[in-house]
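Trainee: what's the 3D shape of this:
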Amino acid sequence: MTENPFFEAWNTPFELPPFDRIRPEHFPSAFDRGMAEHAADIAAIAGSGEAADFANTVEALERSGRLLRQVGRVFNNLTSSATNQALDAIDRDYAPKLAAHRIKIMLDPGLFARVDALWRERERLRLAPDQRRLLERHHLNFVRSGALLDPAQKARMAEISERLASLHTLFSQNMLHDEDEWRLVLDEGDLDGLPDFARTAAAAAAGERGLDGGYAITLARASVEPFLAFSARRDLRQAAYEAWAARGEHPGVHDNRPLIREIVALRAEQARLLGYDNFAAYRLDDTMAKSPEAAADLLRQVWEPAKRKAAGERAELAAAAREDGLNEPIAPWDWRYYAEKVRQAKYAIDAAAVKPYFVLDNMVAAVFDSAARLFGLRFVERRDCPLYHPDVRAYEVRDAADRPIGVFLHDNFARPGKHSGAWMSSYREQQMLDGDVLPIVVNNNNFAKGDPTLLSFDDAHTLFHEFGHGLHGLLSKVRYPSQSGTSVRRDFVEFPSQVFEHWLEVPETLRRYARHYRTGEPLPEALLQRLLAARTFNQGFATVEYAACAMLDLDLHSRADPGALDIAAFEKELVARIGMPPEIGLRHRLAHFQHLFAGGGYAAGYYAYLWAEVLDADGFAAFTEAGDPFAPALAAQLKSIYSAGDTADPMALYRAFRGRDPEVAPLLAQRGLIA
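Mentor: Numbers count the residues shown, from 1 in each chain. As a prediction, the model looks like this:
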């Protein structure tokens, strides 16, 4: 085997991973050495003969496991963005090993004894505020991982942790299998209603799958959603929708339903071991919401208004369908199609006519310009950086004083081997514990590649959303790695991303960057105004689609014994109980709900998007009240949130920015749920 790049210093620009040299076979030995070195670090801390102090215990913990962290970040990013069979096999093999390694550290009695001793003396240690919070968070993480359990309970916690890691990996790989395997192959006669951009994307998707000369619709959201919105062929819309809804639940080796039952049963057992009635109570105890009841209360505040708005939308769609000759009730595969017709009639907005003004490169320039005007950042493309795929572009990020603050990687296109959805991650977190370590942040989107690539208005929102997460990582200015960037409470992490979406809709942003891909002409002013006027259009549908999934998540994880459930029957019972409109499908059915089951991050926490939207609607209202979307003083206060990471309580950070607690009314108005 060639020399392992993980065992060398990287002399690449900004010490980026040398992707051109990293091979799947390098990861097993790198993981093994990384775990061994980390274990030795931990043993040295736990077994130290010196009395525990902040430097030799907490700061030593922050420094521990450097190689393992480096290897894991590269591996996890590649298995999400550019995976293959070899990486998938390593993932299945090492997921439980890595989980066992992590839980062994969290359950180490000697290590916890030192952290606990410091925690008990925290009032007398004269720690800086970030150090005090770091100590408290470390202590809480140990306790929530089972450090106070007896030996038999600790052993069971370790078993659960290992098994969950394997199940999460299998769930994710099953999803990718279903998305990569299915395609709806079309010929010219099947394209009725599809605008040019959708035809071009379908031809490109076919070419990627060896179907040259034909057309293919895939289960990537950027492929299937435009098809559902524009295809005049109801039979094909139904076929595409049903395949999309059925991801993860095909009987056989890739069926996710048995995995879900085992995952939720293990989570419930984990919660009981830690003294909680159910997993939701355990998970939300360490959030801004604090309890499932508080999260459910927010969902209830929007549910009935959203259903009322959706009922009005359904009536308009049904009228359009009757004019179109459809006398059957609106079905889930009809909603987007007739919503597009109603949008055109009501606002004179044709999404197919709008899309040519939203060129990906121009929208990237718009996010960069917004970041420059708000936070003084400059993005300089670097063509000398090693990259893991030709689609990826690299940028050096510089601040107002022209100092480098990080590296931004942009990976925007859907392709085989890349998971669906959109997300931000990092190859290295910012920290200043040992020198000024700059972050390496990556945004992944799944846009349908074109020449040029054209975005829908929703796609442009996604671009701004993920870039908001990226800014949270890039603007981080903290001392300790564990507090860096997005390492915040789950129901706060979406605030920096969601609030940044508002700058897409700033009229001067649209006037400057929404330009026709052929002529360069700006979006006509009348169309721009209609586009902004239509912001609350179809928000009943969007809110119902999302909130139902958040309630599904909370209900499932609030049960004491969820492992006994029939997953399909549970879904049906819940949508009936909450009065889910039958013509609106769940945004995520359980069998493909990756937020919940491809990892544990959003389990019992999908409500967080709405919780954060309360903050983002109320927060952007401050700029509206100031009469300037780039008000310098407000931008500086907002930047302090992006920079703070987890060094302070999130509500304290919000109050410092807004001057008060957030209010729910701006959210309801933003979604058009109240006048």
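Trainee: where exactly do the strands run in the protein?
Mentor: Per DSSP state E, the chain carries strands over the ranges 184-186, 215-217, 378-382, 393-398, 404-413, 423-428, 440-447.
Trainee: quick one: residues contacting the closest residue to Leu211 other than its chain neighbours.
Mentor: Leaving aside its chain neighbours, Leu211 sits nearest to Val185 (6.4 Å; criterion: C-beta to C-beta, 6 or more residues apart in numbering). C-betas here are computed from N, CA, C, even on glycine. Residues in contact with Val185, defined by C-beta atoms under 8 Å, 6 or more residues apart in numbering, are Ala206, Leu211, Gly214, Tyr215, Ala216.
Trainee: distance check, the fourth one against Arg247.
Mentor: Spelled out, that is Tyr215. From Tyr215 across to Arg247, the span is 21 Å (C-beta to C-beta, to the nearest Å).
Trainee: who does the residue nearest to Leu211 bridge with?
Mentor: Beta-bridge partners recorded for Val185 (DSSP bridges): Ala216.
Trainee: pLDDT score assigned to the nearest residue to Ala206 once chain neighbours are set aside?
Mentor: Distances taken as C-beta to C-beta, 6+ apart put Ala216 closest to Ala206, at 4.0 Å, once the chain neighbours are dropped. Note for Ala216: predicted pLDDT of 96.
Trainee: which residues touch Ala216?
Mentor: Residues in contact with Ala216 (C-beta under 8 Å, 6+ apart) are Arg183, Leu184, Val185, Leu186, Ala202, Ala205, Ala206, Arg209.
Trainee: for those residues, which one is nearest Phe408?
Mentor: Ala205 (27.3 Å; C-beta to C-beta).
Trainee: the closest one against Gly214, yeah?
Mentor: No - using C-beta atoms under 8 Å as the test, Ala205 is too far from Gly214 to be in contact (9.7 Å).
Trainee: which of the two has more residues huddled nearby?
Mentor: Neighbours per residue (other C-beta atoms under 10 Å) separate Ala205 from Gly214, with Ala205 holding more: 25 against 18.
Trainee: and the nearest residue to Asn174 once chain neighbours are set aside, how far is that from His592?
Mentor: Closest residue in space to Asn174, ignoring its immediate chain neighbours: His254 at 4.3 Å, by C-beta to C-beta, 6+ apart. Taking C-beta to C-beta as the measure, His254 falls 11 Å from His592.
Trainee: find the residues that touch each one of these two.
Mentor: Asp178, Gly248.
Trainee: out of these two, which sits in the busier spot?
Mentor: Comparing His254 with His592 by other C-beta under 10 Å, the one with more neighbours is His592, at 24 against 19.
Trainee: distance of the more buried one relative to Leu523?
Mentor: Counting by C-beta to C-beta - His592 and Leu523 are separated by 35 Å.
Trainee: same check on Thr12?
Mentor: Look at Thr12 and Leu523: by C-beta to C-beta, they are 40 Å apart.
Trainee: what packs against the least confident helix or strand in the chain by mean pLDDT?
Mentor: Within the chain, no helix or strand scores below helix 351-354, which has a mean of 89 by mean pLDDT, DSSP states H and E. Counting contacts by 3 or more C-beta pairs under 8 Å, 6 or more residues apart in numbering; DSSP states H and E, helix 351-354 is packed against helix 196-208, helix 221-230, helix 525-533.
Trainee: who's more crowded, Thr12 and Leu523?
Mentor: The neighbour comparison of Thr12 against Leu523 (other C-beta under 10 Å) goes to Leu523, with 20 against 16.
Trainee: that one touches Tyr357, doesn't it?
Mentor: Yes - judged on C-beta under 8 Å, Leu523 makes contact with Tyr357 at a distance of 4.6 Å.
Trainee: mutual contacts of the two, please.
Mentor: Here Leu523 and Tyr357 have Ala514, Arg515, His516 as joint contacts, going by C-beta under 8 Å, 6+ apart.
Trainee: give the buried residues for the least confident helix or strand of the chain.
Mentor: Buried residues in helix 351-354, defined by neighbour count with 16 or more other C-beta atoms under 10 Å: Ala351, Ala352, Val354.
Trainee: who's in contact with the most centrally placed residue in the chain?
Mentor: When C-alpha atoms, centre = their mean is applied to the chain, the residue found nearest the centroid is Trp423 (4.4 Å). Going by C-beta under 8 Å, 6+ apart, Trp423 touches Ser80, Asn443, Asn444, Glu466, His469.
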